[in-house]
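Trainee: Generate coordinates for the sequence data below:
(2 chains)
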Amino acid sequence: MKVRTRFAPSPTGFLHIGGLRTALYAYALAKHEKGDFILRIEDTDQKREVSGAVEALQNTLKKFGLNWDEFYVQSERLEKYKKAGELLVKEGHAFYCDCKSKNAKAEGYSTNLKDPCRDKNLTKGAIKLKVPEGKTLIYFDFVHQKEISWDSNTVYDATLLKSDGYPTYHLAVAVDDLDMKITHLLRGHDWLPSTPIHLLVFEYLGGKRPEIGHLTDILSSETGKKLSKRRDSVFAEQFLDEEYLPEALLNFVMLLGWAPKDNRELFTLSEFVENFDIKGFQDANPRFFREKLDWINGQYIRQLSDEDLNSKFQDINSKFADLEKKKQLEITKLLKERIKKLSDFNLLTKFFFERPVVDKKLLGENYKEHLSKIIKGIEDDRDLMEIVKENNFKTGDFFMDLRIAITGVKFTPPINESIDILGKEESILRLKSLL
RNA sequence: GGCCCCAUCGUCUAGUGGUCUAGGACACUUGGUUCUCAUCCAAGAGAUCGUGAGUUCGACUCUCACUGGGGUCACCA
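Mentor: Next comes the predicted model:
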């Protein structure tokens, strides 16, 4: 049977890190077996919907190369859910409820899981699941590779179809996964507690239930809690803007919750698909560790061609983009080996575009002698190293004075090359201003 | 609080009963290359495998308890 997986976000905002990872794993799971990857928009909560979110989600997914084979929108399938809900009522697995008070939380953690309306035989209202008593609900989780079970007495009568005619997740997920012939249902750990509800709905609806797997939560390295929109920066786009390459972010995220037997760490998307193995899923929650992301990003930057890297720099720095192409490439080559994030580029190249304010305290004791000899040397097109030797200067001090005079800071790209790019005239101007 | 998941270096992990006095990567420290930073190379430090029982000739690997961490308890997904 053909493997079919889906990524099913709700259009309530941008794609976040956890969603990206879920999508990646679902994609790899399907593509490793030459199967189908489906994108399904779960927009059944009208109140929470954010306009433009669907397009944003799609664009982001495409940036990572996670292309889908089929696309569905739940709000266009309302009739199916309604029919399914009514069928469940007819067969005695669900019931209508017209309760006004909807918020169980407001009543505290009630121990009464059975809804008061379940035996009223109402004929309108919301449709709720009639959870049977004394049954063991069990499934095999393909991520954790173990059976997980519940006593049905601990499961509440969840709402399946809201009174506005829209389904809840609990109904929609089962109807759709069955209808779309999903073979592997992969989702976040936060869904694990409501899985017994879905097990029941799947059973009552009939048909072949997909295998179910729950991914670990990604924890914040600061708080140790699940990554949250409030506290942490979690949106994929935030990482892409001026900072990280999509390939690098994707590579980083794939290692949060999955590892191959040989512990290899660098994978392109297609390499990941090829090497993907369900046994590589982790059981424990990983922490989002920025330093590792930075390292991976550095690796990818170094693998880029000068031409490709150059165009990335153009995107984030307009002054750079205005330079003539030859000069751009020279700068790009100097930066390629010394940045981790794209945004580091702006810091390191600032002196190319504006004259620095030089703090003379940074200059050495002999700076005047150094600089005047350098000026002469540049005017005569001489190799500065010869001047160092002739005068018995200390190499480090000599070049540091030059570096400070030209750039104003201690850490820079190689200074000789930088002067070439800056130009004789401008360089001499900067040096003279300090004498 | 009920229910559920989890537990190997600071972090991500390899490890499926003996080859583990626990391996790799990031981060960290040191040395080399070098005009600084970085890259690259080399070396080092870093985990009595959460605790306690049990099974076994033998446990990081199996069982149980405890502790700790996480998640979840909506007509939201």
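
Trainee: for A:Trp150, helix, strand, or coil?
Mentor: strand (DSSP: H, G, I helix; E, B strand; the rest coil).

Trainee: What's the local residue count around it?
Mentor: Neighbour count of A:Trp150, defined by other CB atoms under 10 Å: 17. For glycine as for every other residue, the C-beta is placed from the backbone atoms N, C-alpha and C.

Trainee: any idea how far it lies from RNA strand B?
Mentor: In this structure, A:Trp150 and RNA strand B are separated by 5 Å, where distance is defined by CB to the nearest atom of the strand, to the nearest Å.

Trainee: which element is the closest residue to that residue other than its chain neighbours on?
Mentor: Taking CB to CB, 6 or more residues apart in numbering, and ignoring the residues beside it in sequence, A:Trp150 has A:Pro196 as its nearest neighbour in space, at 4.3 Å. If you go by DSSP states H and E, A:Pro196 is part of helix A:195-205.

Trainee: Run through the residues that contact the closest residue to A:Phe235 other than its chain neighbours.
Mentor: Once flanking residues are discounted, A:Phe235 sits nearest to A:Phe14: 4.4 Å by CB to CB, 6+ apart. Remark: with contacts taken as CB atoms under 8 Å, 6 or more residues apart in numbering, A:Phe14 is in contact with A:53, A:56-57, A:60, A:235-237.

Trainee: for RNA strand B, what are the nearby residues on the stretch 201-350 of chain A?
Mentor: Those residues of the stretch 201-350 of chain A that sit near RNA strand B, judged by CB under 7 Å from any atom of the strand, are A:216-217, A:219, A:221, A:224-226, A:255-257, A:259, A:261, A:263, A:265, A:279-280, A:282-287, A:289, A:291-292, A:294-295, A:298-299, A:302, A:337-339.

Trainee: Out of those residues, list just those in strands.
Mentor: Using DSSP state E, the members of those that fall in strands are A:219, A:287.

Trainee: In PyMOL, select just the buried ones from the residues of the stretch 201-350 of chain A next to RNA strand B.
Mentor: Applied in PyMOL, the following selects the buried portion of these according to 16 or more other CB atoms under 10 Å:
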select buried, chain A and resi 216+217+219+226+255+256+257+259+285+286+294+298+299+338+339
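
Trainee: Touching, A:Cys117 and A:Lys128? I think so.
Mentor: Yes. Using CB atoms under 8 Å, A:Cys117 is in contact with A:Lys128, at 7.2 Å.

Trainee: Name the residues contacting each of those two.
Mentor: Common neighbours of A:Cys117 and A:Lys128 (CB under 8 Å, 6+ apart) are A:95-97.

Trainee: circling back to that earlier point, what's the residue nearest to A:Phe235 sitting at in phi/psi?
Mentor: A:Phe14 has phi and psi values of phi -80, psi 160 when expressed as degrees, to the nearest 10.

Trainee: repeat for A:Thr136
Mentor: The phi/psi pair for A:Thr136 (degrees, to the nearest 10) reads phi -100, psi 120.

Trainee: Kindly report the same for A:Gly213.
Mentor: Note on A:Gly213: its backbone torsions stand at phi -140, psi 140 [degrees, to the nearest 10].

Trainee: what about the strands in the stretch 51-200 of chain A?
Mentor: Taking DSSP state E, counting those that start in this stretch as the criterion, the stretch 51-200 of chain A contains strands spanning A:70-73, A:94-97, A:126-129, A:136-141, A:146-151, A:159-161, A:184-188.

Trainee: Not counting sequence-adjacent ones, nearest residue to A:Glu42?
Mentor: For A:Glu42, the closest residue by CB to CB, 6+ apart turns out to be A:Ser10, at 4.5 Å.

Trainee: Quick check: that neighbour is in a strand.
Mentor: No. Secondary structure of A:Ser10 (three-state DSSP): coil, not part of a strand.

Trainee: dump the residue contacts of it.
Mentor: Counting by CB under 8 Å, 6+ apart, A:Ser10 makes contact with A:41-45, A:48-49.

Trainee: So stretch A:176-190, near RNA strand B or not?
Mentor: Yes. In this structure, stretch A:176-190 sits against RNA strand B according to CB under 7 Å from any atom of the strand; the contacting residues are A:189-190.

Trainee: sorry, back to before: who has more neighbours out of A:Cys117 and A:Lys128?
Mentor: In terms of neighbours (other CB under 10 Å), A:Lys128 is the more surrounded of A:Cys117 and A:Lys128; the figures are 25 against 17.

Trainee: Grab the longest helix from chain A for me.
Mentor: Residue-count comparison of every helix in chain A, with assignments taken from DSSP state H, identifies helix A:17-32 as the longest.

Trainee: Since that was my last question, I'll sign off now.
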